[in-house]
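Q: Task: produce atomic coordinates for the following.
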Amino acid sequence: MSKYIFYILFLVTTITSYAQNPFELGAEYMRSFGRGHSGNRVGVRAETFQNKNSFSAGFIYLFSSSKSYSISKGFGLYAGYRYSFSSNINDNTLFAGARVSFSFENFEGKTFLNSLMTTPMAELGYHMIFGDHVFTAPSIGYGYTIKITREHNSLDEDVGKRFLPSLSAGYRF
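A: You can find the predicted model right below:
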């Protein structure tokens, strides 16, 4: 009998602790501006919260504007951390954070090989919750794109400083 009570208490504790640490799933759009470079990033993101800290991860699809000097497309992954300036995780709040993305980009007319690039960035934004379950988080970021692979599949404007405004929205569980 005590074994069943233990299982029930374990289940209740797990559900309660899950409810105290919200989880978000949503979509994100990010624009990338740099010297001679203009690109877009769209993707899905997941974020989990613990007190004033949150950790996010996502899968992104990248494509450059036709106005960019070298046209590219590809995919990538990112992981990030955000610090909230409010102690209430269920309230609208200002946040600051850092993110690192890794992308495989194929540059039109150069080769069929993908170039591996990374973009570490800092971001500042505002997380808003509507009702109990809908969220949106506009932010601005600043980063630097670094080419990791040695082949020269792109031109010089693909490496360098980036201004990265973004908007994410989705559902909070």
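Q: got a pLDDT number for Ala169?
A: Listed pLDDT for Ala169 reads 97.
Q: Same question for His152.
A: For His152, the model assigns a pLDDT of 54.
Q: Next: the one 5 residues further on.
A: For Glu157, the model assigns a pLDDT of 59.
Q: So which helix or strand of the chain has the lowest pLDDT on average?
A: The weakest-scoring helix or strand in the chain, judged by mean pLDDT, DSSP states H and E, is helix 2-20 (a mean of 52).
Q: In PDB, list the C-alpha atoms belonging to the helix or strand just after that helix.
A: Next helix or strand after helix 2-20 toward the C-terminus (DSSP states H and E): strand 23-34. The C-alpha atoms that make up strand 23-34 are tabulated as PDB, following Å, rounded to 0.1, in the frame of the first residue of the first chain:
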ATOM      1  CA  PHE A  23       7.200  25.700 -21.100                       C
ATOM      2  CA  GLU A  24       6.600  27.600 -24.300                       C
ATOM      3  CA  LEU A  25       6.500  26.400 -27.900                       C
ATOM      4  CA  GLY A  26       6.200  28.800 -30.800                       C
ATOM      5  CA  ALA A  27       7.500  30.300 -34.000                       C
ATOM      6  CA  GLU A  28      10.100  33.000 -34.500                       C
ATOM      7  CA  TYR A  29      11.000  35.500 -37.300                       C
ATOM      8  CA  MET A  30      14.400  37.200 -37.200                       C
ATOM      9  CA  ARG A  31      15.900  39.700 -39.700                       C
ATOM     10  CA  SER A  32      19.600  40.000 -40.100                       C
ATOM     11  CA  PHE A  33      21.300  43.200 -41.300                       C
ATOM     12  CA  GLY A  34      25.000  43.600 -41.900                       C
END
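Q: The next helix or strand after strand 23-34 relative to strand 23-34, how many degrees between them?
A: For strand 23-34, the following helix or strand on the C-terminal side (DSSP H and E) is strand 37-50. Computed by axes from the mean of the first three to the mean of the last three C-alpha atoms, to 10 degrees, the angle separating strand 37-50 from strand 23-34 equals 160 degrees.
Q: buried stuff in the helix or strand that strand 37-50 is followed by?
A: The first helix or strand that comes after strand 37-50 along the chain, using DSSP H and E, is strand 53-64. Across strand 53-64, burial judged by 16 or more other C-beta atoms under 10 Å covers 54, 56, 58, 60, 62-64. Heads up, the C-betas are built off the backbone N, CA and C, glycines and all.
Q: Quickly name whichever of those residues is closest to Asp91.
A: Asp91 lies nearest to Ser54 out of the buried residues of strand 53-64, by C-beta to C-beta, at 13.4 Å.
Q: As CSV, could you dump the C-alpha coordinates of the helix or strand hosting Gly125?
A: Assessed by DSSP H and E, Gly125 sits inside strand 115-130. Output of strand 115-130 as CSV, limited to C-alpha atoms (Å, rounded to 0.1, in the frame of the first residue of the first chain):
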residue,chain,number,x,y,z
SER,A,115,29.3,26.5,-45.3
LEU,A,116,29.2,26.1,-41.5
MET,A,117,28.8,29.5,-39.8
THR,A,118,28.1,30.5,-36.2
THR,A,119,26.5,33.7,-34.8
PRO,A,120,26.9,34.5,-31.1
MET,A,121,24.6,37.4,-30.1
ALA,A,122,23.3,39.4,-27.2
GLU,A,123,19.6,40.4,-27.1
LEU,A,124,17.3,42.6,-25.2
GLY,A,125,13.5,42.4,-25.4
TYR,A,126,10.1,42.3,-23.7
HIS,A,127,8.1,39.1,-23.0
MET,A,128,4.3,39.6,-23.0
ILE,A,129,1.7,37.1,-22.0
PHE,A,130,-1.9,37.4,-23.2
